[in-house]
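Asks: Got a predicted model here, sequence first, then my questions.
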Protein chains: 2
Amino acid sequence: MVTLKQLAKELNVSISTVSKALNNSEEIGKETIKRVKELAELYNYKPNKVALSLKQNRTNTIGVIIPDILNHFLSKVLFGIEREASLHGYNIMTCISNESLEKEKESLQLLANGSVDGFILCLSEETQIKNEIEHFKQTIKRGLPIVMFDRVAHDVLCDKVIVDDFDATYRATKNLLDENRKQIAFFSNIDDLSVGKLRERGYNKAILESQSHKPLVLNIKKEDNPQEKIIAFMKQHKNIDAVISADSASGVIAINVATSFGLKVPKDISVIGFSSQSVSNHSIPRLSTIRQHAKEIGANAAQMLINRLQNVSGEASEFKTKIVKTSLVKNGSTL
Amino acid sequence: MVTLKQLAKELNVSISTVSKALNNSEEIGKETIKRVKELAELYNYKPNKVALSLKQNRTNTIGVIIPDILNHFLSKVLFGIEREASLHGYNIMTCISNESLEKEKESLQLLANGSVDGFILCLSEETQIKNEIEHFKQTIKRGLPIVMFDRVAHDVLCDKVIVDDFDATYRATKNLLDENRKQIAFFSNIDDLSVGKLRERGYNKAILESQSHKPLVLNIKKEDNPQEKIIAFMKQHKNIDAVISADSASGVIAINVATSFGLKVPKDISVIGFSSQSVSNHSIPRLSTIRQHAKEIGANAAQMLINRLQNVSGEASEFKTKIVKTSLVKNGSTL
DNA sequence: GTGAAAGCGCTAACAG
DNA sequence: CTGTTAGCGCTTTCAC
């Protein structure tokens, strides 16, 4: 990599002249600017980012810590973050906590040593279960702002972007009640996450409000084969005529299982699931989905962080929580 | 962030003493080391990564450029890269090229300015179509090693990690021929990618070798609804009794479509697809899959790059191409 | 055993 | 209009 020093030497001027010339400083003569720029072009000079970072005390890099990149929702959020960040000239450094508190702490520590200007993160499962938040508070105290999304720690003062999980499931359940369904089941493989709990609560509220209905919940564990679990459960509860799925897989699996039982979807049984457009294609009829607008969540989080980073002057403004509304897309597995 | 300077001041010693003490230098007295370390601990001192990078002229960061993070295979590779890198004390900076040559070039440029020590990347679709490789060559000339995976540019001299796409499809097709299938179709939504072409060729070879068979290919475009396309195609070709899918979705969709036509899988029709374990759950029976071992691919790529980065002494060793073998997992959609 | 000084690549205040 | 200098945080050589 060619440096200012080398350019300066070759041009027989000082380093600062070169620097100023490249930055179009008023101080430098037109002729000199031209000469400098030509040589820089020739050598394909690009300022060293590390030196700039050290000098300016900011890296233009955002640290992103997500629990699981194989989760379609999370990788979609990451996509949204990357796009928005890149638009504003920020790079992202990604760490994967693998749902482990320890790895989450490590990543935070690691990146907090000057590598990044701030964080966007989603709590690991273990962090949520143990409800540990000290590492977040420390990071913030160190001067690195954090934006949390989806799974957030309410007791940490920072910006947040969340989904209206409770409302979304409540309304989806209502929807099924309006279809006159008698036994609406709730499938989830995320019952230990805050969002999983919220979704279940939304479902429960709608069911209980309707008097004549009873909740029926299937919790699928990580180690289970989801297909087998759902087959067994639906065999056991033949009266199920509607399903809400809190995760992206259970919905399409439920439709496929129902079909394999000879049931007609949506005539005999309706299904709604939190899912993405691509996965909804994995069943016939296509799964009616609650769309979480993951990219938008990511973009929002990035915006909030960048705003805070660039608003160095105006002192710490109030912390905000942005709620991204879900939308119900009827694809064919509902009436 | 507390610095050496501040610690030195507080301890009434020089900066270099503090630095040496923290690095357990022999030169420094035991007592001093103890004092320094205690204060460092108290203030939770961590050396500034940016300063270290500038000094040591390496960042311990790997740049990863992938065309699409919503692609399950690619995000799985990313997972493998991240894990391996993290194991060796490397961070990763991720850029998403969005299948665009321009964005790929930009990302390469951007990160090549001292932000990363080397690259792991998968070519964008546009790059493959236009067959442009100048930007890779330049980056390498600049001293930044590249490891390419999956979609690679054969004309660039660098380490590569690829899948035995041709062989995998060839063998899978053979497998279906051995089941005595009469009309084996090939579904793909990646026909413009090198890997897509290789897969189709493997299929073609097996089909043509068998004399009595004819190839039957369905190419699905990005803008198509894959489900509708497959339904239409299978209606049109009622004689299809086996399907090979080059992408992760078409396989499960094919099974679901077949089932909706009243066909029995695998009795009436067999299906094999390049897919992941989780997606294979989205059909009944579960899709028999060609597993690409994405995580392993990522891990291999990271290892190769890190090896090259740390092997500063031994001069440029030969460039290697590692082929990661696929394996066929029979899940129920084949005999 | 400890400290001063140089230098990584860059910017910017200040001097000329 | 151009150059000198200091400094970002750190390591390391060389004096003391």
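Replies: In hand now; what should we look at? Not measured: the values here are computed from a predicted model.
Asks: of all the residues in chain A, which ones are close to DNA strand D?
Replies: Chain A has residues A:12-17, A:20, A:25, A:27-32, A:51, A:54-55, A:57 near DNA strand D, with proximity defined as CB under 7 Å from any atom of the strand. For the C-beta atoms, the positions are set from N, CA and C on the backbone; glycine is no exception.
Asks: show me what contacts the residue nearest to residue A:260 when sequence neighbours are not counted?
Replies: Of all residues beyond its chain neighbours, the one nearest residue A:260 is residue B:284 (4.7 Å), with distances taken as CB to CB, 6 or more residues apart in numbering or on different chains. Applying CB atoms under 8 Å, 6 or more residues apart in numbering or on different chains to residue B:284 gives the contacts A:227, A:256, A:257, A:259, A:260, B:255, B:259.
Asks: One more pass at 10 Å, please.
Replies: Residue B:284 is in contact with A:227, A:231, A:253, A:255-257, A:259-261, B:252, B:255-256, B:259, B:265, B:332-333, counting by CB atoms under 10 Å, 6 or more residues apart in numbering or on different chains.
Asks: Give me the buried subset of these.
Replies: Among the contacts of residue B:284, those that count as buried by neighbour count (16 or more other CB atoms under 10 Å in any protein chain shown) are A:227, A:231, A:253, A:255-257, A:259, B:252, B:255-256, B:259, B:265, B:332-333.
Asks: Tell me the spacing between residue A:133 and residue B:44.
Replies: With the distance defined as CB to CB, to the nearest Å, residue A:133 ends up 17 Å from residue B:44.
Asks: same check, this time on residue A:57
Replies: Computed with CB to CB, the distance linking residue A:57 and residue B:44 is 19 Å.
Asks: same check, this time on residue A:27
Replies: From residue A:27 to residue B:44 the distance is 42 Å (CB to CB).
Asks: hey, where'd the helices end up in chain A?
Replies: Counting by DSSP state H, chain A has helices at residues A:4-11, A:15-22, A:30-42, A:49-56, A:72-87, A:101-111, A:125-130, A:134-141, A:165-178, A:194-209, A:226-236, A:248-260, A:277-280, A:294-310.
Asks: Mean pLDDT and distance to DNA strand C for the ones you listed - can I get that in CSV?
Replies: Converted to CSV, those look like this (pLDDT from 0 to 100; distance: least, CB to the nearest atom of the strand, whole Å):
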stretch, mean pLDDT, distance to DNA strand C
helix A:4-11, 93, 3
helix A:15-22, 94, 3
helix A:30-42, 93, 10
helix A:49-56, 96, 3
helix A:72-87, 96, 21
helix A:101-111, 96, 21
helix A:125-130, 96, 36
helix A:134-141, 95, 25
helix A:165-178, 97, 45
helix A:194-209, 96, 43
helix A:226-236, 96, 53
helix A:248-260, 95, 46
helix A:277-280, 90, 43
helix A:294-310, 96, 16
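Asks: Quick one: distance of stretch A:51-58 to the chain centre.
Replies: Taking CA atoms, centre = their mean, to the nearest Å, the mean C-alpha location of stretch A:51-58 is offset from the chain mean by 28 Å.
Asks: what's next to that stretch, contact-wise?
Replies: By CB under 10 Å, 6+ apart, the surrounding residues in contact with stretch A:51-58 are A:3-4, A:48, A:59-61, A:114-118, A:309-310, A:312, B:1, B:48-55, B:113-115.
Asks: Is it possible to mark the buried ones in these?
Replies: Burial by neighbour count, 16+ other CB under 10 Å: within the contacts of stretch A:51-58 this picks out A:4, A:48, A:59-61, A:114-118, A:309, B:1, B:48-54, B:113-115.
Asks: Just the CA trace of stretch A:317-328, in PDB.
Replies: The C-alpha atoms that make up stretch A:317-328 are tabulated as PDB, following Å, rounded to 0.1, in the frame of the first residue of the first chain:
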ATOM      1  CA  SER A 317     -30.800  12.500  23.500                       C
ATOM      2  CA  GLU A 318     -33.600  10.400  24.900                       C
ATOM      3  CA  PHE A 319     -33.500   6.700  24.200                       C
ATOM      4  CA  LYS A 320     -36.200   5.500  21.900                       C
ATOM      5  CA  THR A 321     -38.000   2.200  21.300                       C
ATOM      6  CA  LYS A 322     -39.200   1.800  17.800                       C
ATOM      7  CA  ILE A 323     -41.900  -0.800  17.200                       C
ATOM      8  CA  VAL A 324     -42.000  -2.200  13.700                       C
ATOM      9  CA  LYS A 325     -45.500  -3.300  12.800                       C
ATOM     10  CA  THR A 326     -46.100  -6.800  11.400                       C
ATOM     11  CA  SER A 327     -48.500  -7.500   8.600                       C
ATOM     12  CA  LEU A 328     -50.600 -10.500   8.000                       C
END
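Asks: Would you indicate which residues of that stretch are buried?
Replies: Quick answer for stretch A:317-328 (16+ other CB under 10 Å): A:322, A:324, A:326.
Asks: Nearest to DNA strand C among those?
Replies: Using CB to the nearest atom of the strand, the shortest approach to DNA strand C within these belongs to residue A:322, at 33.1 Å.
Asks: Spit out the contact partners of the closest one.
Replies: With contact taken as CB under 10 Å, 6+ apart, residue A:322 is in contact with A:147, A:149, A:159, A:160, A:161, A:162, A:296, A:297, A:300, A:301, A:303, A:304.
Asks: Look up how far DNA strand D lies from residue A:294.
Replies: Distance check for residue A:294 against DNA strand D: by CB to the nearest atom of the strand, to the nearest Å, it reads 37 Å.
Asks: ok, and the closest non-adjacent residue to that residue?
Replies: Once chain neighbours are set aside, the closest to residue A:294 by CB to CB, 6+ apart is residue A:76, at 3.5 Å.
Asks: Quick one: neighbours of the one you found, just the number.
Replies: Residues within reach of residue A:76, counting by other CB atoms under 10 Å in any protein chain shown, total 22.
Asks: Quick one: residues contacting it.
Replies: The contact partners of residue A:76, taken as CB under 10 Å, 6+ apart, are A:276, A:278, A:292, A:293, A:294, A:295, A:296, A:297, A:298, B:69, B:70, B:75.
Asks: hang on, the fourth one packs against residue A:80?
Replies: Yes - in this structure residue A:293 lies within contact range of residue A:80 using CB atoms under 10 Å: 8.8 Å.
Asks: what residue lies at the spatial centre of chain A?
Replies: With distances taken as CA atoms, centre = their mean, the residue of chain A nearest its centroid is residue A:77 (3.5 Å).
Asks: and the nearest residue to that residue once chain neighbours are set aside, what does it touch?
Replies: Distances taken as CB to CB, 6+ apart put residue A:298 closest to residue A:77, at 4.0 Å, once the chain neighbours are dropped. Residues touching residue A:298, when contacts are defined by CB under 10 Å, 6+ apart, comprise A:64, A:74-85, A:120, A:149-150, A:161, A:324.
Asks: 6 Å instead?
Replies: Neighbour list for residue A:298: A:77, A:80, A:81 [criterion: CB atoms under 6 Å, 6 or more residues apart in numbering or on different chains].
Asks: Now do the contacts for the residue in the stretch 151-300 of chain A that DNA strand C sits nearest to.
Replies: Among the residues of the stretch 151-300 of chain A, residue A:159 lies closest to DNA strand C, at 28.3 Å counting by CB to the nearest atom of the strand. Residues touching residue A:159, when contacts are defined by CB under 6 Å, 6+ apart, comprise A:147, A:304, A:319, A:320.
Asks: How many residues are close by the first one?
Replies: Summarising burial for residue A:147: neighbours were counted as other CB under 10 Å, giving 28.
Asks: likewise residue A:168?
Replies: Burial of residue A:168 is recorded as 23 neighbouring residues (other CB under 10 Å).
Asks: And residue A:24, by the same measure?
Replies: Residue crowding around residue A:24 was assessed by other CB under 10 Å; the count is 9.
Asks: Filter the residues of chain A next to DNA strand D down to the buried ones.
Replies: A:13, A:17, A:20, A:28, A:32, A:51, A:54.
Asks: As CSV, those residues with distance to residue B:219 would be great.
Replies: Output for these, formatted as CSV (distance: CB to CB, whole Å):
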residue, distance to residue B:219
A:13, 59
A:17, 58
A:20, 56
A:28, 57
A:32, 57
A:51, 49
A:54, 51
